[in-house]
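*Asks:* need the 3D shape of this:
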Amino acid sequence: MSYERKPISAPRLRGAALSAVVSLANRPIAGQAVRKKMLDSIGIDELRSAPLDSEAPVPFPLHAAPSHSTVGNDAPSEMAKRCVRATYPQEGFHFTTIADYAKAYRGLSVNPEEVARNLLAAIDRTDLEEPALRAFIACDPNDVITQAKASAQRWSQGTPRSVLDGVPVAIKDEIDQVPYPTTVGTSFLGTGTAPADGTVVARLRAAGALLIGKTNMHEIGLGTTGVNPHHGTARNPYNPKYATGGSSSGSAAAVAAGLCPVAVGADGGGSIRIPASF
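*Replies:* Below you'll find the model as predicted:
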C-alpha cells in the first residue's frame, strides 16, 4: 500500500463541547453517525480498506531456540532467577525463551509452580534494589501460584493447553486483567477490580499463560519517557540511571531484566517501539 497519506482534518474539542460529543457518540443509535464521522475524518476507514498488495505478514514469526538455550545448562530452579545487575557476556544476555520453558516443562525437569515461586522472589528483589526496578505496579502472589499449580498439573498429565502453558507473561496496566484494577498509570483510575479480562489477556489465559501481574507505564500513555510519579519510574535494567522509554515502560523492563520472556504492551505512537530501542 502507499505510504503517502493525505492530510487529515479533525475538529478540536474541549470542555463542554467535547463532553457533549462524547456523550452523543456513546449512544447506541444516534451515536453511529458521529462515530462514523470520527473514524472517517482521521482516516481509519480509509486505512481499513487499503489493499495489502504483496506485503503479506510473516505467518510464523517464532523461531527455534538458539544453540545457547539455557535449558540443560542451568539447574532447573535457576530458570526464573535471572534478574537485574547480572554480569552479561559481551555478545549479549542469553534470555530464556518460550521454547526453553516449554522444553523444560515437557521434560518435567522443572514445573510452572517452581518457576512461579522463584519469579515472585525475583520481582520482590528488584523492588528492594536502589533504585528499584519498578517493572510491576501490581502482582498478586496467590493468584500467580494458583495459576501455576493448575499449569503444573496439566503438564504432569500431558495435557498442556499450548506452548505458552505456564510461561510467565506480564500485562501493561492499560489492559484489563482479573483480579487487578486498571489504573492506566494514574492515581485516580482503577479504584476497583477489572470486571473481566481484556481480549488479549483472555486469549493468553485460555492458552495457559502464567499471567504474573500488571506492569508500570507512563501515565495514561501520554509520554515517551516512562517516568511515573504515582507508581515510581521503571528503570532500565542495563543501567538503572537510564530510562526505559515509554509508554510501555514496565513491560519492557520486565522482559529486559529476564523476569519473563513475554510482556504485553500497546503502541499508539511509539509506546512499544521506543522502549524496545532503549
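*Asks:* under the pLDDT cut-off, which ranges of the stretch 1-150 of the chain? List them.
*Replies:* 1-6, 8, 47-93 (pLDDT under 70).
*Asks:* mind running it again at 80?
*Replies:* The model of the stretch 1-150 of the chain has pLDDT under 80 over residues 1-11, 41-94.
*Asks:* show me where it has its helices.
*Replies:* In the stretch 1-150 of the chain, the helices defined using DSSP state H, counting those that start in this stretch lie at 15-25, 31-41, 44-49, 98-106, 112-128, 141-156.
*Asks:* thinking residue 243 is in contact with residue 237, fair?
*Replies:* No - using C-beta atoms under 8 Å as the test, residue 243 is too far from residue 237 to be in contact (11.7 Å). For the C-beta atoms, the positions are set from N, CA and C on the backbone; glycine is no exception.
*Asks:* name the stretch among the helices of the stretch 1-150 of the chain that sits most buried.
*Replies:* Most buried of the helices of the stretch 1-150 of the chain, by mean neighbour count (mean count of other C-beta atoms under 10 Å): helix 98-106, with a mean of 21.
*Asks:* can you give the contact residues for stretch 195-207?
*Replies:* 161, 162, 164, 165, 169, 171, 175, 176, 177, 178, 211, 264 (C-beta atoms under 8 Å, 6 or more residues apart in numbering).
*Asks:* do stretch 267-277 as well
*Replies:* So stretch 267-277 is in contact with 218, 221, 224, 226, 244-249, 251-253, 265-266, going by C-beta under 8 Å, 6+ apart.
*Asks:* list only buried entries from these.
*Replies:* Among the contacts of stretch 267-277, those buried by neighbour count (16 or more other C-beta atoms under 10 Å) are 218, 221, 224, 226, 244-249, 251-253, 265.
*Asks:* looking at those residues, which are in helices?
*Replies:* Applying DSSP state H to the buried ones among the contacts of stretch 267-277, the entries found in helices are 249, 251, 252, 253.
*Asks:* for residue 144, state which of these is nearest.
*Replies:* residue 251 (16.6 Å; C-beta to C-beta).
*Asks:* verify the contact between that closest one and residue 261 for me.
*Replies:* No - under the criterion of C-beta under 8 Å, residue 251 makes no contact with residue 261, lying 12.0 Å away.
*Asks:* what's the most distant pair in the buried ones among the contacts of stretch 267-277?
*Replies:* Checked with C-beta to C-beta, the buried ones among the contacts of stretch 267-277 reach their widest spread between 221 and 253, with 15.9 Å between them.
*Asks:* show me what contacts residue 169?
*Replies:* So residue 169 contacts 204, 209, 210, 211, 212, 260, 262, 263, 264 (C-beta under 8 Å, 6+ apart).
*Asks:* dump the residue contacts of the fifth one.
*Replies:* Neighbour list for residue 212: 116, 119, 123, 136, 139, 144, 168, 169, 170, 259, 260 [criterion: C-beta under 8 Å, 6+ apart].
*Asks:* name the nearest residue to the residue lying farthest from the centre of the chain, sequence neighbours excluded.
*Replies:* What lies farthest from the middle of the chain is residue 30; by C-alpha atoms, centre = their mean that is 35.6 Å. The spatial neighbour of residue 30 that comes closest, neighbours along the chain excluded (C-beta to C-beta, 6 or more residues apart in numbering), is residue 24 at 6.3 Å.
*Asks:* same check, this time on residue 95
*Replies:* Of all residues not flanking residue 95 in the chain, residue 258 sits nearest, at 6.0 Å (C-beta to C-beta, 6+ apart).
*Asks:* could you measure from residue 220 over to residue 229?
*Replies:* 12 Å (C-beta to C-beta, to the nearest Å).
*Asks:* comparing the two, which residue is more hemmed in?
*Replies:* Set side by side, residue 220 and residue 229 show more neighbours around residue 220, with 13 against 9, by other C-beta atoms under 10 Å.
*Asks:* my read is that that one contacts residue 186, right?
*Replies:* Yes - counting by C-beta under 8 Å, residue 220 touches residue 186, with 6.3 Å between them.
*Asks:* still on that earlier bit, what about the residue nearest to residue 95, distance to residue 122?
*Replies:* For residue 258, the distance to residue 122 (C-beta to C-beta) stands at 9 Å.
*Asks:* could you do residue 17 as well?
*Replies:* Residue 17 sits 50 Å away from residue 122 when distances are taken as C-beta to C-beta.
*Asks:* swap in residue 203?
*Replies:* Distance of residue 203 to residue 122, computed by C-beta to C-beta: 26 Å.
*Asks:* alright, calling it a day.
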